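sequence first, then the predicted structure:
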Amino acid sequence: DAGVIQSPRHEVTEMGQEVTLRCKPISGHNSLFWYRQTMMRGLELLIYFNNNVPIDDSGMPEDRFSAKMPNASFSTLKIQPSEPRDSAVYFCASSSSPGNQPQHFGDGTRLSIL
Amino acid sequence: TQLLEQSPQFLSIQEGENLTVYCNSSSVFSSLQWYRQEPGEGPVLLVTVVTGGEVKKLKRLTFQFGDARKDSSLHITAAQPGDTGLYLCAGDNNQGGKLIFGQGTELSVKP
C-alpha cells in the first residue's frame, strides 16, 4: 500500500518567492497533519484537518502560511512570501479516526530559502 | 501549554550497551506513542501505550507508561548500530488526534 506521498522532496528558492508543498494522505485516512521540523524547535504541528476541515491552525507561524484540503486525497501548504527562517523539513502525516491512532508520516519536503 | 520533555537529547554509546530514554510531562495523556526517525525519512511508529503502568516489549526495546500516565520510558538492551536514529515520544490528550511531540533523543550506536 502506498504511504503518505509528499512533493517535492527538496525545494530551494529565493526569499520572497511563493512555495507550495503538496501531500497525498493514505487512502481512507480522515485526519491530516502538517508539521515543521528544525534542529532548534524539533517537530512542531502547524495545522491539522479532520474530514477535510481545518480543526486547529494555532501552530501556523503567521499569515504568510496557509493550508488547504480541497478533498480527502490532497492537501497543500503554501508560504507566501517565503523567508530564510522558513527553511526546515516539512512533514505531512495522516491517520484514521482520531484517538490512539498512529500517524503515518511522509518522507518530508526539505525547504531551503536563500 | 502541554509539554513533553525528553532526556537525554543526545546519546552516543558503544554497541552492546544498554540505554534508557525518558519522556516526562506534568499533564496526563490518554495514550503515548513512540516513534523512530531515520535521516531523510519521516517518523515511524514503534509502539502505543495506553494503560497506566503498561509495559510493552518489541524485541530488545521495552516501553513503559507511568502509572499516572504522565511519563514514559524506552529501554534498549544490547544496542546495535541499526538502532541509531531519532526517538520521539508523542502524547495524545484527546484533541481530535492531535499529538504533542517531545524534542526527541538523537541516539548514535557505534560498532
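Received it, and whenever you're ready, just let me know what you need.

close to chain B: what parts of chain A are there?
Applying C-beta under 8 Å from any C-beta of the partner chain, one finds that chain A approaches chain B through A:4, A:31, A:33, A:42-45, A:48, A:50, A:55-56, A:91, A:93, A:95, A:97-108. C-beta here means a position set from N, CA and C on the backbone, and glycine is covered the same way.

hmm, B:Val47 is touching B:Gln33, no?
Yes. If you go by C-beta atoms under 8 Å, B:Val47 and B:Gln33 touch, sitting 7.1 Å apart.

more neighbours: which of the two?
For B:Val47 versus B:Gln33, the count of surrounding residues by other C-beta atoms under 10 Å in any protein chain shown is larger for B:Gln33: 25 against 19.

which secondary structure element is home to the more buried one?
Assigned by DSSP states H and E, B:Gln33 belongs to strand B:31-37.

what about that strand, near chain A?
Yes. Strand B:31-37 reaches chain A (C-beta under 8 Å from any C-beta) through B:31, B:33.

what does that strand contact?
By C-beta atoms under 8 Å, 6 or more residues apart in numbering or on different chains, the surrounding residues in contact with strand B:31-37 are A:100, A:102-103, B:23, B:43-50, B:63, B:65, B:69, B:72, B:74, B:85-92, B:99, B:104.

can you check stretch B:15-28 too?
In contact with stretch B:15-28 (C-beta under 8 Å, 6+ apart) are residues B:2-8, B:11, B:13, B:32, B:34, B:68-81, B:87, B:89, B:91, B:93, B:100, B:102, B:105, B:107, B:109-111.

cool, stretch A:36-46 as well?
Under C-beta under 8 Å, 6+ apart, the answer for stretch A:36-46 is A:33-35, A:56-57, A:59-61, A:65, A:67, A:77, A:88-91, A:108, B:43, B:88, B:98-99, B:101-104.
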